[in-house]
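**Q** Fold the following and give me the result.
(one chain, ligands or ions: 2)
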Amino acid sequence: MNKPARPGLLGAALLNDPARNRDTAFTEAERRAWGLEGLLPTQVETLERQVERVGRHLDAKPDDLERYIYLAALGDRNETLFYKVLMSDPARYVPIVYAPTLGEACKSFSHIYRRPRGMYVSLEMRGRIARVLRNWPVADVRVICVTTGGRILGLGDIGVNGMGIPIGKLQLYTACAAVPPQATLPVQLDIGTTNAALRADPLYLGLRREPPPQADLDDFVEEFVAAVQAVFPACCIHFEDWKGTDAIRYLARYRDRVLCYNDDIQGTAAVTLAGLITALRIREAPLSEQRVLFLGAGSSALGTSDLLVRAMQAEGLSEAEARGRITMMDADGLVEPTRADLSAEQRVYAHPAAPTRDLAATIRRVRPSILIGVSTAGGAFTREIVALMAEINERPVIFPLSIPHAECTAEQAYAWSDGRALYAAGVQFPEVARGGAVFRPGQANNFYIFPGLGLAVYAARPRLITDALIIEAAHALADQVDAAAQARGMLYPPQSQILAVQITSACRLAEYMFDHGMATVPRPENIRAWIEGMTYEPAYDEDAPPEP
Ligand SMILES: O=C([O-])CC(=O)C(=O)O
Ligand SMILES: [Mg+2]
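**A** Ligands and ions are numbered 1, 2, ... in the order given. Next comes the predicted model:
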């Protein structure tokens, strides 16, 4: 699937095209044919030798932010080499181009900026967004990841500095699921920012204004979505890191008429459900018998709850019974009916109980078997909280999912539960050795879902992404944690196998789409071979491209 050097793209222009540049790997024949003689050092190198040099450069960098900057620049110089490096050791490189280092990179995005990538569509382009999108040099864009920067990771509103997120998420589509990179387009909708410190920063790269009123934002987003459909008709829109209320509103508005999904709501929900499926396999207990307590009641808590309700309904509960098994608390206390500040989405989880801000008291009253943190309050699961969960449950399920500051670390969860916790966090914690046993804490991050989902959508081209498909994605992931891994408390497959895992998930999702009449392309005889035939491989084409 790699593009050969284009006829007409010669000499220095070829070296400056990251999708076609091979740098020192251009052979002598290629150098002669394409006007590259004299423009490169004498040695002709293999891709593997180039990877070795990159590894040494990265080793010499003082910290991961510097490694991020280096890798971003590498992607701008030589895309093949960039992906070869990432895919050669995902457990090492994913944490740099993605969370947690990506969070640091976003905070200083305007300061570490080197050159543009993706598209910036600002409020000032209203009325001509379709024309603007046509400035993108690739016609067949198949997935756009779009943010307003309104809620980036746990960093709040950081405006256009959030652009690091669509860039990083889409790089994982390729690095973790081999989606061809030319089919992806990161987009920042620049709507201004509520972040006054950023607006006052002379190096800030976005509009220096407050976001518009909701009605104006709705019009702008509507024009953007329509423009994407007009300019890139086969494109899936992946919403990422919008302000929570915007995330919920636009997903509700578009999910039934546009090929789209919200990763923070649906991707996070699916990866959480997958971890719960594995944890409950270890406990040999059905989901429909669990009681779930969320700390945090924002878009990811709601997205996860709604998906858990669907999954419990599939086990035979009514919607009301399933909702009754879920309790939420946030910074303003227990979600209960007397609270005046609740949204309609939160209100369905507001069960009658006395108002309280006391998490421990709520655990004593509700007696949850599953505790999920999506609060952004690092450290909120104290020793008392974890010990209480371990007192109530033989194997308490504890998922502190906040990024970058988890509600408790893996070490704390195992220590405070006598090693009985079934644990996963949003960030990757190192292994924990305890009493002769080694625990492998899982990372409940949506990167176990969106790349494979993206590849399946790229291949099967559904018209919509349904909740049933998202639940299938959770099962596809959970089914790849084998019994030996489960015995070590692993709730997710290892990161080192992410590519194989995501391709297997994509095959299963594509099959699901064919089985349920969702795919819009003819069903192939062998789904795996068909999908593997369209995946990206970071390699320089062997066959000589045509003479210019
Ligand atoms: O990006 C991540 O690592 C997970 C995520 O979607 C978020 O925290 O918004
Ligand atoms: Mg996100």
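
**Q** can you pull out the strands in the stretch 201-350 of the chain?
**A** 236-239, 260-262, 292-295, 326-330, 333-334 (DSSP state E, counting those that start in this stretch).

**Q** nearest to residue 488, of these?
**A** Smallest distance to residue 488 across the strands of the stretch 201-350 of the chain (CB to CB): 24.3 Å, for strand 292-295. The C-beta positions use only the backbone N, C-alpha and C, and glycine is treated the same way.

**Q** which parts of the helix or strand bottoming out on mean pLDDT in the chain are buried?
**A** Ranked by mean pLDDT, DSSP states H and E, the weakest helix or strand in the chain is helix 483-487, scoring a mean of 86. By neighbour count with 16 or more other CB atoms under 10 Å, helix 483-487 contains the buried residues 485, 486.

**Q** Contacts for that helix, please.
**A** Identification of contacts with helix 483-487 by CB atoms under 8 Å, 6 or more residues apart in numbering yields 278, 281, 282, 440, 493, 494.

**Q** And those residues, which is the shakiest by pLDDT?
**A** Across the contacts of helix 483-487, the smallest pLDDT goes to residue 440, namely 87.

**Q** just checking, it touches residue 488?
**A** Yes. With contact defined as CB atoms under 8 Å, residue 440 reaches residue 488; the gap is 5.3 Å.

**Q** Tell me which of these two has more neighbours.
**A** Ranked by neighbour count (other CB atoms under 10 Å), residue 440 and residue 488 place residue 440 first, with 17 against 11.

**Q** okay, now the domains of this structure?
**A** 11-95, 98-258, 266-447 (automatic domain parsing).

**Q** Can you tell me the closest non-neighbouring residue to residue 366?
**A** In space, and not counting its chain neighbours, residue 366 is closest to residue 327: 5.1 Å by CB to CB, 6 or more residues apart in numbering.

**Q** For the very next helix or strand once past the least confident helix or strand of the chain, the averaged confidence score.
**A** Following helix 483-487 in sequence order, the next helix or strand is helix 498-515 (DSSP states H and E). Averaging pLDDT along helix 498-515 yields 98.

**Q** Kindly report the same for stretch 288-308.
**A** On average, stretch 288-308 scores 96.

**Q** do the same with stretch 406-420
**A** 96.

**Q** got the buried residues for that stretch?
**A** Of all the residues in stretch 406-420, those buried under the rule 16+ other CB under 10 Å are 406-417, 419-420.

**Q** and the end-to-end length of that stretch?
**A** Counting by CA to CA, to the nearest Å, you get 19 Å between the two ends of stretch 406-420.

**Q** List the contacts of it.
**A** 295, 373, 375, 377-383, 385-387, 389-390, 393-396, 398, 400-401, 421, 423, 425-427, 429-430, 432, 434-435, 437, 439, 441.

**Q** cool, stretch 129-137 as well?
**A** 119, 121, 125, 185, 223, 224, 226, 227, 228, 230, 231, 232.

**Q** Now the buried members of those residues.
**A** 119, 121, 125, 185, 223, 224, 227, 228, 231, 232.

**Q** The residue in the stretch 351-500 of the chain that ligand 1 sits nearest to and residue 264: what is the separation?
**A** Scanning the stretch 351-500 of the chain for the residue nearest ligand 1 gives residue 403, at 4.3 Å (criterion: CB to the nearest ligand atom). Using CB to CB, to the nearest Å, residue 403 is found at 11 Å from residue 264.

**Q** swap in residue 213?
**A** Taken as CB to CB, the span from residue 213 to residue 264 is 23 Å.

**Q** Stretch 235-253: end-to-end distance?
**A** 17 Å.

**Q** hmm, that stretch in reach of ligand 2?
**A** Yes. Contact of stretch 235-253 with ligand 2 (CB under 5 Å from the ion) involves residue 241.

**Q** Leaving out sequence neighbours, find the closest residue to the closest residue to ligand 2 within the stretch 301-450 of the chain.
**A** Minimum separation of the stretch 301-450 of the chain from ligand 2 (CB to the ion) falls at residue 446, amounting to 6.8 Å. Nearest residue to residue 446, sequence neighbours excluded (CB to CB, 6+ apart): residue 267, at 3.4 Å.

**Q** quick one: low-confidence parts of the stretch 1-150 of the chain?
**A** 1-8 (pLDDT under 70).

**Q** What residues does the chain have near ligand 1?
**A** Residues of the chain lying close to ligand 1 by CB under 6 Å from any ligand atom are 99, 153, 241, 263, 264, 403, 445, 446.

**Q** returning to what we had before: of residue 403 and residue 264, who's got more company?
**A** Between residue 403 and residue 264, counted using other CB under 10 Å, residue 264 has the larger neighbour count: 24 against 20.

**Q** Residue 299 is in contact with that one, correct?
**A** Yes. Counting by CB under 8 Å, residue 264 does reach residue 299; the two are 5.8 Å apart.

**Q** what sits in contact with each of those two?
**A** Joint contacts of residue 264 and residue 299 (CB under 8 Å, 6+ apart) are residue 247.

**Q** what about the residue nearest to residue 109 when sequence neighbours are not counted, which SS state?
**A** Spatial nearest neighbour of residue 109, chain neighbours left out: residue 161 (3.8 Å); criterion: CB to CB, 6+ apart. Here residue 161 is helix, with the state taken from DSSP: H, G, I helix; E, B strand; the rest coil.

**Q** contacting residues around residue 161?
**A** So residue 161 contacts 106, 107, 108, 109, 110, 149, 152, 198, 204, 205, 206 (CB under 8 Å, 6+ apart).

**Q** so which of the residues you listed comes closest to ligand 1?
**A** Using CB to the nearest ligand atom, the contacts of residue 161 come closest to ligand 1 at residue 152, 7.1 Å.

**Q** and the helix or strand hosting residue 169, what other elements does it pack with?
**A** Here residue 169 sits within helix 164-177, counting by DSSP H and E. Applying 3 or more CB pairs under 8 Å, 6 or more residues apart in numbering; DSSP states H and E, one finds that helix 164-177 makes contact with helix 79-88, helix 90-97, helix 101-107, strand 143-147, strand 184-190, helix 450-460, helix 498-515.
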